[in-house]
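Peer 1: Predicted model, plus sequence, below.
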There are 2 protein chains.
Amino acid sequence: MANPTAAMLVIGDEILSGRTRDANMHHLAGAFTQIGIDLKEVRVISDDHSAIVAAARSLSKQFDHVVTSGGIGPTHDDITADAIADAFHVSIDVREDAYAILKNYYAEKNIELNEARLRMARIPQNASLIDNPVSGAPGFTLENVHVLAGVPRIFQAMLENVIATLKGGSPILSETLKILQGEGDIAKQLSAVSGAFQDVSFGSYPFQEDGRHGTNIVMRGPDPERLTRAKSELIEKLEL
Amino acid sequence: MANPTAAMLVIGDEILSGRTRDANMHHLAGAFTQIGIDLKEVRVISDDHSAIVAAARSLSKQFDHVVTSGGIGPTHDDITADAIADAFHVSIDVREDAYAILKNYYAEKNIELNEARLRMARIPQNASLIDNPVSGAPGFTLENVHVLAGVPRIFQAMLENVIATLKGGSPILSETLKILQGEGDIAKQLSAVSGAFQDVSFGSYPFQEDGRHGTNIVMRGPDPERLTRAKSELIEKLEL
């Protein structure tokens, strides 16, 4: 059976302006690969209500899961929760369960739960909460969309809680063969071997080392024996 | 007048599997911000013909420019050129001008221009070539889509050649105000100032330093005087 599929939606002007380098994409990609969920697409869009609504709808229809990052804090540019509610035509308001979490969290820290912070208790109707062990304010899952914070250590902590609820597939394993020849010298043999192993995906990544051209061939697939055999066959074909 | 808009299409299984961390997005974002082209969306998709065709068509319609990275080398997984040709319903074949470039490049290096390398001379009909000063094989521009290599130093060199042909807008400048208070404490004042400066975009980015919460407010816009004034007003409102 094919693995479940997923897409990620990164919401953040700061990434599109070049101010910040996104770190969550790389983390999510690694985590999903481990549990056998195939990340098929990542979209980075700006803090724009209609852009978020359109992307969330489109990705939610195409893939089994959508993970969003960013835009769920207390400031005016945190508009993700409202946009996701709109995407699924549900209402959104301060919800008792989220309010209780924030109330406890800030009471313990002796911080005022003011109007701005209260915005973080706005949760779309029918969504289930995602626990945030780092900074209190919860994320949520609505339909197949999981809404997480953008700050990397909060994103990562929330993602663990989401992953605990997901059914993965076959973890995708990989074997790498490092070859001290340029891509153009091995392309023909690589193509032949890749054609013979339809259940293995072959990626070819050129590099330079001490002024010489080399290529890393990465073979990926669920069956470790097939990966080993593909690697052997490539070594044989290339007379390494 | 509004700045030209752009999207980026990153083609690469290696990024979606978590093997590689993309570097080109961050570089493009910075370069476009400098010349006043607004990067509105980035999509990362896998090495899949129909996914590339669909994304290229969709982004090309929505934005003034599309920059792609990855998938134009000599191996079987390099399918970007064919997909872009399909996206615009034009034919693709080895083209004389690209062939001449490769012939010279490999002759100088005493490397055989074999069948695999010849694939890199496949250029869609009507496309114009983008010079590649690093490794010979050219990129190309078809309609409003600029097709660049994925290896970061080749991507960057090709991008310089593309940028030389683009008409930018007003460079987007930024001012940052570092505040040693949490987002929730300043959200109200921030919202008021941001409402009064419609030509400035305000981003709020929380951080922790020595166990204390802080917030970086980033103000972005084309007019340096307005940025300075927005910053002053925020300082005044927050009584800093």
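Peer 2: On my side now, so go ahead.
Peer 1: could you list every residue that touches A:Asp178?
Peer 2: That one is not Asp; residue A:178 is Lys. A:Gly214, A:Thr215, A:Asn216 (CB atoms under 8 Å, 6 or more residues apart in numbering or on different chains). Where C-beta positions appear, they are placed from N, C-alpha and C, glycine not excepted.
Peer 1: Closest one to chain B out of those residues, please.
Peer 2: Using CB to the nearest CB, A:Thr215 comes nearest to chain B of these, at 8.2 Å.
Peer 1: Could you identify the helix or strand that succeeds the strand or helix carrying the closest one?
Peer 2: Here A:Thr215 sits within strand A:212-221, counting by DSSP states H and E. Reading on from strand A:212-221 to the C-terminus, the next helix or strand found by DSSP H and E is helix A:224-237.
Peer 1: Next, the angle from that following helix to strand A:212-221.
Peer 2: Helix A:224-237 runs at 150 degrees relative to strand A:212-221, counting by axes from the mean of the first three to the mean of the last three CA atoms, to 10 degrees.
Peer 1: Report the buried residues of helix A:224-237.
Peer 2: A:Arg226, A:Leu227, A:Arg229, A:Ala230, A:Lys231, A:Leu234 (16 or more other CB atoms under 10 Å in any protein chain shown).
Peer 1: For that helix, what is the distance to the chain centroid?
Peer 2: The chain centroid and the centroid of helix A:224-237 are separated by 30 Å, computed with CA atoms, centre = their mean, to the nearest Å.
Peer 1: Please apply the same query to stretch A:50-68.
Peer 2: 13 Å.
Peer 1: Can you give me the buried ones in that stretch?
Peer 2: For stretch A:50-68, a neighbour-count test (16+ other CB under 10 Å) marks A:51-53, A:55-60, A:63-68 as buried.
Peer 1: any idea which element the residue nearest to the spatial centre of chain A lies in?
Peer 2: The structure's chain A has its C-alpha centroid closest to A:Leu28; by CA atoms, centre = their mean the separation is 3.6 Å. In this structure, A:Leu28 sits in helix A:24-35 according to DSSP H and E.
Peer 1: helices or strands next to that helix in the packing?
Peer 2: Under the contact criterion of 3 or more CB pairs under 8 Å, 6 or more residues apart in numbering or on different chains; DSSP states H and E, helix A:24-35 touches strand A:5-11, strand A:38-45, strand A:65-69, helix A:152-163, helix B:13-16.
Peer 1: tell me the angle of that helix relative to strand A:38-45?
Peer 2: In terms of direction (the same axes, to 10 degrees), helix A:24-35 departs from strand A:38-45 by 170 degrees.
Peer 1: now helix A:24-35 and helix A:152-163, what's the angle there?
Peer 2: 30 degrees.
Peer 1: Could you tell me the angle between helix A:24-35 and strand A:5-11?
Peer 2: Using the same axes, to 10 degrees: helix A:24-35 against strand A:5-11 is 160 degrees.
Peer 1: Helix A:24-35: which residues count as buried?
Peer 2: For helix A:24-35, a neighbour-count test (16+ other CB under 10 Å) marks A:Asn24, A:Met25, A:His26, A:His27, A:Leu28, A:Ala29, A:Ala31, A:Phe32, A:Thr33, A:Ile35 as buried.
Peer 1: and the closest residue to the last one other than its chain neighbours, how many neighbours?
Peer 2: Read it as A:Ile35. Spatial nearest neighbour of A:Ile35, excluding adjacent residues (CB to CB, 6 or more residues apart in numbering or on different chains): A:Gly168 at 3.5 Å. Residues lying near A:Gly168 (other CB atoms under 10 Å in any protein chain shown) number 14.
Peer 1: which ones are touching A:Gly168?
Peer 2: The neighbours of A:Gly168, taking CB under 8 Å, 6+ apart as the test, are A:Asn3, A:Pro4, A:Ile35, A:Gly36, A:Ile37.
Peer 1: If you rank every helix and strand of chain A by mean pLDDT, what lands last?
Peer 2: Within chain A, confidence by mean pLDDT, DSSP states H and E is lowest for strand A:201-209 among all helices and strands, at a mean of 91.
Peer 1: Could you tell me the angle between it and strand A:212-221?
Peer 2: 160 degrees.
Peer 1: does any part of strand A:201-209 sit near chain B?
Peer 2: Yes: Strand A:201-209 comes into contact with chain B (CB under 8 Å from any CB of the partner chain), by way of A:Ser201, A:Phe202, A:Gly203, A:Ser204, A:Tyr205, A:Pro206.
Peer 1: For that strand, which strands pair with it and how are they oriented?
Peer 2: Strand A:201-209 pairs in its sheet with strand A:212-221 (antiparallel), by DSSP bridges.
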